[in-house]
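Peer 1: Model the following, please.
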Amino acid sequence: MSNKKYDFLIVGAGLYGAVFAHEAKKRGKTSLVIDKREHIGGNTYCKKIEDINVHAYGAHIFHTNDKKIWDYVNDFVPFNRYTNSPVANYKGSLYNLPFNMNTFYQLWGVKTPTEAKSIIEEQSKEHQKNRPQNLEEQALSLVGEDIYNKLIKGYSEKQWGRKATELPAFIIKRLPLRYTFDNNYFNDNYQGIPIGGYNELSGGLLEGIEVQLGVNYFKDKESLQKLATNTVFTGKIDEYYNYEFGKLEYRSLRFDHEILDIENYQGNAVINYTEAQIPYTRILEHKHFEFGQQKKTVITKEYPLEASTNLEPYYPINDEKNNTMYSKYKKKGESDTVIFGGRLAEYKYYDMHQVIGAALAKIKNILGN
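Peer 2: All right, here's what the predicted structure looks like:
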């Protein structure tokens, strides 16, 4: 390990750490970026298989309404025009997502917004409550029984590993209902995938910055921190404090990748499987993210799991118990000299543009323009 003194030791070579390091370099500061994985990019990392950029840790679709952030990422790599239009498979029948006129036609055969609204209002009115007590009550009050039972219930229970009646209502604050024939999942003005995959973005951000991979920060914490004036930590905040207030809970995922000797498996990048009896939540076909024409294809089945010390944490379980625990870690972190940032350090689900925005705001706050 080098004895060189850096301005920043950045723990984690994901988007937050990469943006922070890049912006520090622009301001004349030096960084050493370390990561326990053997690759940069964090969860956005793409593995090249059969000349296809496989999203190794699940689908990552960049979308934002912030033109500055869109221009920022496109300075490193041009983005394609991919539009996320997932399909739901329920017991062999296919439904467009998000819930729109195509979905309503597939469910009920209706052809006008007035007909669709009438059915949804009729199905949901008997479930109206002043304060829904759980996810099931919340969803039924918003969209009624058909949409809930076919497209929400099984998927949500698999994703969170709990019955819908045991999940908090706030998980579904609202369910957008589109009374147009529009399958674009996101409402954002800008959307796409980096041409050549997300490694192009990560590599561009970290160009000219020292990166050391396969380094476990906690095995050599003291000597690593001596290498830099400041530490930026993007890992689990509870782990950083040795679980002093308890272990924050997460949901994890298992990814089963499979190479198929056919050109096109499902005709879409993302198909959700919404019935509870099928153990995976969705199948990805990665070539469709970049309009690939390769002779073979790669698919990935995503299986939701409870996170443990051996599994990667993906989705924070932001219920009252965990949020109360996190508030203790947050308060302790505010009195520490370490800079905490990112999804795990802030115990918060971030989209990619939000991660970038948070990192830009943090370093601006520390170093100014």
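Peer 1: So which elements touch the helix or strand of the chain with the lowest mean pLDDT?
Peer 2: Using mean pLDDT, DSSP states H and E, strand 315-316 stands out as the lowest-scoring helix or strand of the chain, at a mean of 90. Applying 3 or more CB pairs under 8 Å, 6 or more residues apart in numbering; DSSP states H and E, one finds that strand 315-316 contacts strand 250-260. Just so you know, the C-beta spots here come from the backbone N, C-alpha and C atoms, and that holds for glycine as well.
Peer 1: What strands line up against the strand it packs on, and which way round?
Peer 2: strand 297-306 (antiparallel), strand 315-316 (antiparallel) (DSSP bridges).
Peer 1: what's the least confident stretch among those?
Peer 2: Lowest mean pLDDT of those: strand 315-316, a mean of 90.
Peer 1: Give me the distance between that one and the centre of its chain.
Peer 2: Its chain's C-alpha centre and that of strand 315-316 lie 9 Å apart, by CA atoms, centre = their mean, to the nearest Å.
Peer 1: And the contacts of it?
Peer 2: 159, 248, 249, 250, 251, 322, 343, 347, 348, 349 (CB atoms under 8 Å, 6 or more residues apart in numbering).
Peer 1: show me the contacts for the fifth one.
Peer 2: Going back to what we said before, that points to residue 251. 159, 160, 161, 304, 305, 306, 307, 313, 314, 315, 317.
Peer 1: With distance to residue 18 and neighbour count as new columns, can the residues you listed be given to me in a markdown table?
Peer 2: Shown next, in a markdown table, are those (distance: CB to CB, whole Å; neighbours: other CB atoms under 10 Å):
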| residue | distance to residue 18 | neighbour count |
| --- | --- | --- |
| 159 | 28 | 18 |
| 160 | 30 | 19 |
| 161 | 31 | 14 |
| 304 | 27 | 20 |
| 305 | 27 | 15 |
| 306 | 29 | 12 |
| 307 | 24 | 20 |
| 313 | 19 | 22 |
| 314 | 19 | 19 |
| 315 | 22 | 16 |
| 317 | 27 | 21 |
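Peer 1: of those, closest to residue 241?
Peer 2: Distance to residue 241, by CB to CB, is smallest for residue 313 among the contacts of residue 251, at 15.4 Å.
Peer 1: so residue 47 sits in a strand?
Peer 2: Yes - per DSSP: H, G, I helix; E, B strand; the rest coil, residue 47 lies within a strand segment.
Peer 1: quick one: it and residue 56 touch, right?
Peer 2: Yes - the pair residue 47 / residue 56 is scored as a contact, 4.7 Å apart, by CB atoms under 8 Å.
Peer 1: higher neighbour count, those two?
Peer 2: residue 56 (20 against 16; other CB atoms under 10 Å).
Peer 1: Hmm, that one is touching residue 284, no?
Peer 2: No - between residue 56 and residue 284 there is no contact under CB under 8 Å: 10.8 Å.
Peer 1: where along the stretch 1-150 of the chain do the helices fall?
Peer 2: 15-26, 67-74, 101-108, 113-125, 135-143, 145-147 (DSSP state H, counting those that start in this stretch).
Peer 1: is it possible to export those helices to a markdown table including distance to residue 334, mean pLDDT and mean neighbour count?
Peer 2: Output for the helices of the stretch 1-150 of the chain, formatted as a markdown table (distance: least, CB to CB, whole Å; pLDDT from 0 to 100; neighbours: other CB atoms under 10 Å):
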| stretch | distance to residue 334 | mean pLDDT | mean neighbour count |
| --- | --- | --- | --- |
| helix 15-26 | 18 | 98 | 24 |
| helix 67-74 | 26 | 98 | 16 |
| helix 101-108 | 45 | 98 | 20 |
| helix 113-125 | 43 | 97 | 15 |
| helix 135-143 | 32 | 95 | 23 |
| helix 145-147 | 42 | 98 | 18 |
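Peer 1: Any stretches of the stretch 251-369 of the chain with poor pLDDT?
Peer 2: For the stretch 251-369 of the chain, the stretches with pLDDT under 70 are 309.
Peer 1: on that earlier part again, and of the helices of the stretch 1-150 of the chain, who's closest to residue 198?
Peer 2: helix 15-26 (8.8 Å).
Peer 1: List the neighbours of that closest one that are in contact with it.
Peer 2: 7-8, 10-11, 30-31, 33, 35, 40-42, 44, 202, 205-206, 208-209, 232, 234, 341-343, 352, 355-356, 358-360, 362-364, 367.
Peer 1: next one: stretch 348-358
Peer 2: By CB under 8 Å, 6+ apart, stretch 348-358 touches 14-16, 19, 44, 60, 62-64, 66, 69-70, 72-73, 315-316, 318, 341-343, 346.
Peer 1: what comes up buried for that stretch?
Peer 2: 350, 351, 352, 353, 354, 355, 356, 357, 358 (16 or more other CB atoms under 10 Å).
Peer 1: any idea how far residue 121 is from residue 261?
Peer 2: 49 Å (CB to CB, to the nearest Å).
Peer 1: er, residue 314 actually
Peer 2: 36 Å.
Peer 1: and if you look at residue 284?
Peer 2: 35 Å.
Peer 1: sorry, back to before: adding distance to residue 224 as columns, could you present the contacts of residue 251 in CSV?
Peer 2: Below are the contacts of residue 251 laid out as CSV (distance: CB to CB, whole Å):
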residue, distance to residue 224
159, 36
160, 36
161, 35
304, 33
305, 30
306, 30
307, 25
313, 22
314, 26
315, 28
317, 30
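Peer 1: quick one: the strands in the stretch 201-350 of the chain?
Peer 2: With strands called from DSSP state E, counting those that start in this stretch, the stretch 201-350 of the chain shows them at 210-213, 228-233, 250-260, 270-273, 282-285, 297-306, 315-316, 339-340.
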